[in-house]
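1. Let's see this in three dimensions:
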Amino acid sequence: MQPAITAQLILTRLEQKVSLNNAKLLLDSAKISTGLVTENGIELTNEQAKSLCLKLINQGGPAFQVGQAIYKEYLM
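-> Sure, this is the predicted structure:
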């Protein structure tokens with residue numbers, strides 16, 4: 001069974017690529033763009049997780065790598 005996808009999981013993965021502040025900025029901008037209003041520890045639905053991952057992929061750079069990895073790992 002796969003662990004639940006949360007914004008905190010995505011933030012943790014982003015922190016492995018960039019600084020904490022940059023990770024928060026990347027995640028927050030993706031959340032705002034998708035209209036997602038949720039706390040970081042709340043489990044995301046598959047639809048929310050997909051849209052958040054796709055937005056990260058569209059941002060490019062480290063966000064692309066994280067979004068793609070999470071999408072492949074959890075949503076395919």
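
2. residues contacting the nearest residue to A63 once chain neighbours are set aside?
-> Nearest residue to A63 in three dimensions, chain neighbours excluded: L56, at 4.3 Å (CB to CB, 6 or more residues apart in numbering). For every residue, glycine as well, the C-beta is placed using N, CA and C. Residues counted as contacts of L56 (CB atoms under 8 Å, 6 or more residues apart in numbering) are I10, L26, L27, A30, A63, F64, V66, G67, I70.

3. Would you mind giving me the ChimeraX syntax to select the buried ones in those residues?
-> Buried subset of those, written as a ChimeraX selection, criterion 16 or more other CB atoms under 10 Å:
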select :10,26,27,30,63,66,67,70
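
4. now the contacts of L56 in TSV, with distance to E47 and pLDDT?
-> Conversion of those to TSV gives the following (distance: CB to CB, whole Å; pLDDT from 0 to 100):
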residue	distance to E47	pLDDT
I10	15	95
L26	21	96
L27	18	95
A30	15	95
A63	19	97
F64	20	97
V66	19	97
G67	15	97
I70	14	96
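
5. Nearest to K17 among the contacts of L56?
-> V66 (6.3 Å; CB to CB).

6. What is the helix or strand containing the closest one packed up against?
-> Secondary structure assigned from DSSP states H and E places V66 in helix 61-70. If you count contacts as 3 or more CB pairs under 8 Å, 6 or more residues apart in numbering; DSSP states H and E, helix 61-70 packs onto helix 7-15, helix 20-34, helix 46-59.

7. quick one: contacts for the residue positioned nearest the centre of the chain?
-> With distances taken as CA atoms, centre = their mean, the residue of the chain nearest its centroid is I10 (4.0 Å). By CB under 8 Å, 6+ apart, the contact list for I10 reads L27, L52, C53, L56, V66, I70.

8. What is the burial count for the third one?
-> The tally of other residues near C53 (other CB atoms under 10 Å) stands at 26.

9. Pull up the gap between it and I5, please.
-> 9 Å (CB to CB, to the nearest Å).

10. shared neighbours of those two, anything?
-> Common contacts of C53 and I5, defined by CB under 8 Å, 6+ apart, comprise I70, L75.

11. isn't V66 right up against L11?
-> No - V66 is beyond contact range of L11, at 9.5 Å (criterion: CB atoms under 8 Å).
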